[in-house]
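Peer 1: Sequence first, then the predicted structure, then my questions.
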Amino acid sequence: MLPLQFTPLIKRLRWGGTRLESVLGKPTCGVSDAAESWEVCDRGADQSIVRAGPEAGASLNRLVCERGPELLGRHAGVGQFPLLIKYLDAQDVLSVQVHPNDEQARRLARSSPEQAECWGKTEAWVIIAAEPGSVIFAGLKPGCDAATCARAAATGNWQDCLHRIEVAVGDAFFIPAGTVHAIGAGVLLAEVQQSSDITYRLYDWGRVAADGRPRELHVEQALACIDYERGPIARAVPVPAAGPRSPGEELVRCPWFVMTRYTGSRPFVLHDDSCCRIIMVLAGRAAAHTRHTTHPLGRGETLFIPASAPALEIVPQEDAVVLETHIP
């Protein structure tokens, strides 16, 4: 199966902005609240659709179900693609929130018929652009325990609990399930996450919805899901990628995904190890070559490489930053 490009799904939310289009070239029709561009998605009615080539018009779920071995290799046999790949533009700060882990999500699905999710949500971020002074909140300050968080939930005084980090382009963060977090205003980032949308809001900065009422909070569920042992989240420390001549640096490795970044103009080859891979161009331009095809990739473009794709060489331009994600 040849490499695939999908039509992005644009999600409009109150905290979104305009940089998905102005910086990454996404088709947002000029709206001012484009918050997320879902690049690879298999979530019920939200489906990535192949936009050209032999598989044009096919949904990701159809390919997962009908051509699983070709698409996923050693990970075939699942009924849903397990990752959601996206870009986010935070024009305003997001709510303070937490996501459950897999065990908590399965327990919730058993006890709540309306909750169909069976995966938790571990995620990772790479900062693409950040206005001066932009921050993220990730993890609890030292000494913040369950009682401290319960008091913060009752008073809304979360500023004293949240670990605050000023961010810069290129920073990467691993946000395991159970981590209290919020993306601050002015941040544009790439996100890789488990394909789950279970979000428990702890605090929404005193904002109200369109009807004038505060948005729903989920304090009881959130407090039950927080990992109080985790503490502050630090920037990911890149390590050299495996392979004697690989120019990449591994940013995140966890049971659900591995993220590797390639910077500069040195070409690299993605070897066949019977798994699919996802390429995102975070800066500059690149081209992906197989013996059959060439895929020019501009900033913000994403390429899904099936497990059965021919050997593929990525040729970046001098200023390119390419992010590769696969399932371990």
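Peer 2: Cool, got the structure.
Peer 1: what about Leu223, which helix or strand?
Peer 2: helix 219-225 (DSSP states H and E).
Peer 1: what element comes up after the worst-scoring helix or strand of the chain on mean pLDDT heading to the C-terminus?
Peer 2: Using mean pLDDT, DSSP states H and E, helix 102-111 stands out as the lowest-scoring helix or strand of the chain, at a mean of 83. Toward the C-terminal end, the helix or strand that comes next after helix 102-111 (DSSP H and E) is strand 123-130.
Peer 1: Return the alpha-carbon coordinates of that next one using CSV.
Peer 2: C-alpha atoms of strand 123-130 as CSV (Å, rounded to 0.1, in the frame of the first residue of the first chain):
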residue,chain,number,x,y,z
GLU,A,123,-0.5,12.5,25.0
ALA,A,124,2.7,14.4,23.9
TRP,A,125,3.3,17.9,22.5
VAL,A,126,5.9,19.6,20.4
ILE,A,127,5.8,23.4,20.3
ILE,A,128,5.8,24.8,16.8
ALA,A,129,5.3,28.5,17.6
ALA,A,130,4.9,30.5,20.8
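Peer 1: quick one: strands adjacent to it?
Peer 2: Sheet pairing of strand 123-130 (DSSP bridges) gives strand 172-175 (antiparallel), strand 187-194 (antiparallel).
Peer 1: Leu2: which of those is closest?
Peer 2: Proximity to Leu2, assessed across the strands paired with strand 123-130 by CB to CB, is greatest for strand 187-194 (22.9 Å). Every C-beta, even on glycine, is put in place using the N, C-alpha and C of the backbone.
Peer 1: I'd like to know which elements the helix or strand containing Leu88 is packed against.
Peer 2: If you go by DSSP H and E, Leu88 is part of strand 83-90. Judged by 3 or more CB pairs under 8 Å, 6 or more residues apart in numbering; DSSP states H and E, strand 83-90 is in contact with strand 9-17, helix 19-22, strand 34-40, strand 187-194, strand 277-283.
Peer 1: still on that earlier bit, may I have the least confident helix or strand of the chain as PDB, with CA atoms only?
Peer 2: Extracted C-alpha coordinates of helix 102-111, given in PDB (Å, rounded to 0.1, in the frame of the first residue of the first chain):
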ATOM      1  CA  ASP A 102      -6.600   2.900  30.300                       C
ATOM      2  CA  GLU A 103      -7.800   1.000  33.400                       C
ATOM      3  CA  GLN A 104      -9.800   4.000  34.600                       C
ATOM      4  CA  ALA A 105     -11.400   4.400  31.200                       C
ATOM      5  CA  ARG A 106     -12.400   0.700  31.000                       C
ATOM      6  CA  ARG A 107     -13.900   0.900  34.500                       C
ATOM      7  CA  LEU A 108     -15.800   4.000  33.500                       C
ATOM      8  CA  ALA A 109     -17.100   2.300  30.300                       C
ATOM      9  CA  ARG A 110     -18.400  -0.600  32.400                       C
ATOM     10  CA  SER A 111     -20.200   1.600  35.000                       C
END
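Peer 1: No more questions from me, cheers.
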